[in-house]
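Asker: Quick one: sequence plus predicted model below, questions after.
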Amino acid sequence: MADDPTRDFAVRLLRRFLSLCESPRTRSAMVRMVKGSVGSARAGRTLYRVVNRAAVNPVARVTGVQASAMRLELVASQLIGLAMARYVIQVEPIASASVDEVVALAAPSIRAALRG
């Protein structure tokens, strides 16, 4: 499984997404978008576009992962759910876990979504 492109995709995607959520430059905007998506379909669509444009699509290009739009949207929804739990609701122990721990725990579900 060392040559499994979904393995690299999942790890890179999670690291990229978490860096957007944790960077001092982008954290407040990301958390604001996640919070705003709860009460507004329009804000939710905007958040999905941002997640796809800033994280999912670039990582898919770099790693060569190709998946259906449905599978990539499922992956994006997993990222948004993770952001909601970690940064908005601050569910423990997810909220205080290291990035490495979160990546290790969340990567298998991203790979599963891509494989079906």
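Answerer: Looks like it arrived, so ask away.

Asker: Which parts of this protein are helices?
Answerer: Assigned by DSSP state H, the helices in the chain fall at 5-22, 27-39, 41-51, 57-63, 69-83, 99-115.

Asker: Return the most buried member of those helices.
Answerer: Burial of the helices of the chain is given as mean neighbour count (mean count of other Cβ atoms under 10 Å); helix 5-22 ranks first at a mean of 20. Placement of C-beta: from N, CA and C, glycine included.

Asker: From the contact counts, what lies against it?
Answerer: Applying 3 or more Cβ pairs under 8 Å, 6 or more residues apart in numbering; DSSP states H and E, we find helix 5-22 packed against helix 27-39, helix 57-63, helix 69-83, helix 99-115.

Asker: Of all the ones you listed, which one is nearest Thr6?
Answerer: Closest to Thr6 of the helices and strands packed on helix 5-22 is helix 99-115 (Cβ to Cβ; 4.5 Å).

Asker: what helices or strands is that closest one leaning on?
Answerer: helix 5-22, helix 69-83.

Asker: Quick one: mean pLDDT for the shortest one?
Answerer: When pLDDT is averaged over helix 69-83, the result is 93.

Asker: Need the contact partners of it.
Answerer: 13-14, 17, 21, 30-31, 34, 37, 47-48, 51-52, 55-56, 60, 67, 94, 102, 106, 109-110, 113-114, 116 (Cβ atoms under 8 Å, 6 or more residues apart in numbering).

Asker: angle of it against helix 41-51?
Answerer: 100 degrees (axes from the mean of the first three to the mean of the last three Cα atoms, to 10 degrees).

Asker: sorry, back to before: out of the helices and strands packed on helix 99-115, nearest to Gln90?
Answerer: helix 69-83 (11.1 Å).

Asker: Pull out the C-alpha coordinates of that closest one and format them as CSV.
Answerer: The C-alpha trace of helix 69-83 is given here as CSV (Å, rounded to 0.1, in the frame of the first residue of the first chain):
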residue,chain,number,x,y,z
ALA,A,69,-17.4,14.8,-7.7
MET,A,70,-19.6,13.0,-5.2
ARG,A,71,-16.6,11.4,-3.4
LEU,A,72,-14.6,14.7,-3.4
GLU,A,73,-17.7,16.5,-1.9
LEU,A,74,-17.9,13.8,0.8
VAL,A,75,-14.3,14.4,1.6
ALA,A,76,-14.9,18.2,1.8
SER,A,77,-17.8,17.6,4.2
GLN,A,78,-15.6,15.5,6.4
LEU,A,79,-13.1,18.4,6.6
ILE,A,80,-15.9,20.8,7.4
GLY,A,81,-17.2,18.5,10.1
LEU,A,82,-13.7,18.2,11.5
ALA,A,83,-13.4,22.0,11.6
